[in-house]
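Peer 1: Sequence and predicted structure below; questions after.
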Amino acid sequence: MTYRMGDHSTSDNSTLYRDETERQIWKTKKDPIQRLTKFLNNVGVQGVPDEQYERTEVRKEITDALRKCYKHKNPTILSMFDDVYDKLPVHL
């Protein structure tokens, strides 16, 4: 099982319906990635990646991908229907 640490979206404010203490417990004691890493190390699995290194690398990859995306122009409003209709309805 996993736990959603952040809000659902930018319009969501989970602090209105969720206790911050609960989130902190999951962040510090129940994080599934930390728990799996600890388990693998405890049972002697060889070659378990360093969790902090992997998290840092993934953040870099995401940041690089976002930078590339921001360089593209925004699509036109009508392009949202490009793959929806064979012929665009008159009312659109």
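Peer 2: Perfect, I can see it now.
Peer 1: Please count neighbours and contacts with C-alpha atoms only from this point.
Peer 2: Fine.
Peer 1: And the helix or strand that K38 is a member of, what's buried?
Peer 2: Secondary-structure element containing K38, defined by DSSP states H and E: helix 32-42. In terms of neighbour count (16 or more other Cα atoms under 10 Å), helix 32-42 has no buried residues at all.
Peer 1: Just the C-alphas of that helix, formatted as CSV.
Peer 2: Provided in CSV are the C-alpha atoms of helix 32-42 (Å, rounded to 0.1, in the frame of the first residue of the first chain):
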residue,chain,number,x,y,z
PRO,A,32,7.3,2.6,0.8
ILE,A,33,10.6,3.2,-1.0
GLN,A,34,12.5,3.6,2.2
ARG,A,35,10.9,0.5,3.7
LEU,A,36,11.7,-1.6,0.6
THR,A,37,15.3,-0.4,0.5
LYS,A,38,15.7,-1.2,4.2
PHE,A,39,14.1,-4.6,3.7
LEU,A,40,16.3,-5.5,0.7
ASN,A,41,19.5,-4.4,2.6
ASN,A,42,18.4,-6.4,5.7
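Peer 1: got the angle between the helix or strand that it is followed by and helix 32-42?
Peer 2: Once the chain leaves helix 32-42, the next helix or strand it forms, by DSSP H and E, is helix 51-70. Regarding helix 51-70 and helix 32-42, their directions subtend 140 degrees when assessed with axes from the mean of the first three to the mean of the last three Cα atoms, to 10 degrees.
Peer 1: what packs against helix 51-70?
Peer 2: Applying 3 or more Cα pairs under 8 Å, 6 or more residues apart in numbering; DSSP states H and E, one finds that helix 51-70 makes contact with helix 32-42.
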